[in-house]
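>>> Give the three-dimensional model of this entry:
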Amino acid sequence: MSSGLKYSLLTLVIVLTALVGSNTVTLADLSHLNPASWGQYLIDQQVLPQGPAGIITLFLFLSITTAIGLPRQVAAFVSGYSFGALFGAVLATLAATIGCLLTFTVSRHLLSHKVSAKYPKQISKISAFIEQQTLAKTIIIRLLPLGSNLMTNILAGVTRVSAKPYVLGSLLGFIPQMLIFSFAGSGVKLADEQQLYVTVGLFLTIALIGGYLVRQSSLAKLAIKPKEETG
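Residues are numbered from 1 along each chain as shown. Presented below is the predicted three-dimensional model:
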């Protein structure tokens with residue numbers, strides 16, 4: 001099973017376990033729905049009616065799940081769908097930043113030896129790039145549509161990079177894509193075709209900027225991807 005699929009399934013299990021366990025939703029509520037509609041149902045019927053409590057619930061959920069591998073673009077899309085483009089982007093960006101800090105901290109203090117032994121080449125590459133001018137170079141990495149957010153945080157955690165500029169650079173670098181995918185989520189909720197067209201245009205613009213940065217900074221080698229598992 002691929003790592004991406006594994007994390008997607010883990011995320012679904014966490015959501016269902018938390019909601020069913022808290023008795024806010026039962027399996028009977030979901031049984032009549034297509035599995036593809038579960039997420040929409042949970043947001044529309046369980047999260048949004050809670051008001052401020054729903055905002056906190058979604059924020060905590062996205063913080064934890066981005067820390068364990070949920071793509072930040074998915075977090076932004078869900079937030080935009082739930083709370084609108086701008087507020088959704090702010091919520092998702094802060095959640096992804098908290099997730100980044102959590103993964104970075106756990107990697108540095110609990111997983112350092114294991115990660116260093118398993119990914120020596122990848123650690124050497126990212127360390128050589130971001131140890132100097134950490135803030136600016138982290139922003140560049142976050143702007144690029146390359147690699148795995150989870151693996152980047154894990155590997156950065158075992159380098160000698162200071163947490164403060166790395167996390168701040170991540171926060172600033174997250175913003176463009178979070179805005180784009182939050183607008184996409186909001187556009188889907190409102191069935192606003194014009195907003196979706198703007199979203200596509202913004203995404204293509206960011207992709208072009210990312211491609212330019214790759215060529216100028218030779219960052220293609222920093223595309224950090226988790227290894228596929230066999231069996």
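
>>> rest of the way, CA atoms for contacts and neighbours
Fine.

>>> which stretches of this protein form helices?
For the chain, the helices defined by DSSP state H cover 3-21, 27-31, 38-41, 52-67, 72-83, 85-110, 112-118, 120-130, 134-143, 149-157, 163-190, 193-217.

>>> got these as TSV, with mean neighbour count and mean pLDDT columns?
Below are the helices of the chain laid out as TSV (neighbours: other Cα atoms under 10 Å; pLDDT from 0 to 100):
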stretch	mean neighbour count	mean pLDDT
helix 3-21	14	50
helix 27-31	11	51
helix 38-41	16	56
helix 52-67	20	90
helix 72-83	25	90
helix 85-110	22	96
helix 112-118	13	92
helix 120-130	16	90
helix 134-143	21	88
helix 149-157	24	94
helix 163-190	22	88
helix 193-217	15	67
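
>>> What is the neighbour count of Gln133?
Residues within reach of Gln133, counting by other Cα atoms under 10 Å, total 12.

>>> Looking at it now. What's its pLDDT?
pLDDT, Gln133: 87.

>>> Ramachandran angles for it?
Per-residue torsions, Gln133: phi 50, psi 50 (degrees, to the nearest 10).

>>> cool, and Glu131?
When read as degrees, to the nearest 10, the backbone of Glu131 gives phi -70, psi -30.

>>> Quick check: it touching Ala163?
No. Using Cα atoms under 8 Å as the test, Glu131 is too far from Ala163 to be in contact (11.0 Å).

>>> so who does Glu131 touch?
Arg160, Val161 (Cα atoms under 8 Å, 6 or more residues apart in numbering).

>>> Report the separation between it and Ser107.
As judged by Cα to Cα, to the nearest Å, Glu131 and Ser107 stand 17 Å apart.

>>> next one: Val74
Distance from Val74 to Ser107, counting by Cα to Cα: 23 Å.

>>> So Leu48 is in contact with Ser82, correct?
Yes. Between Leu48 and Ser82 there is a contact under Cα under 8 Å: 7.0 Å.
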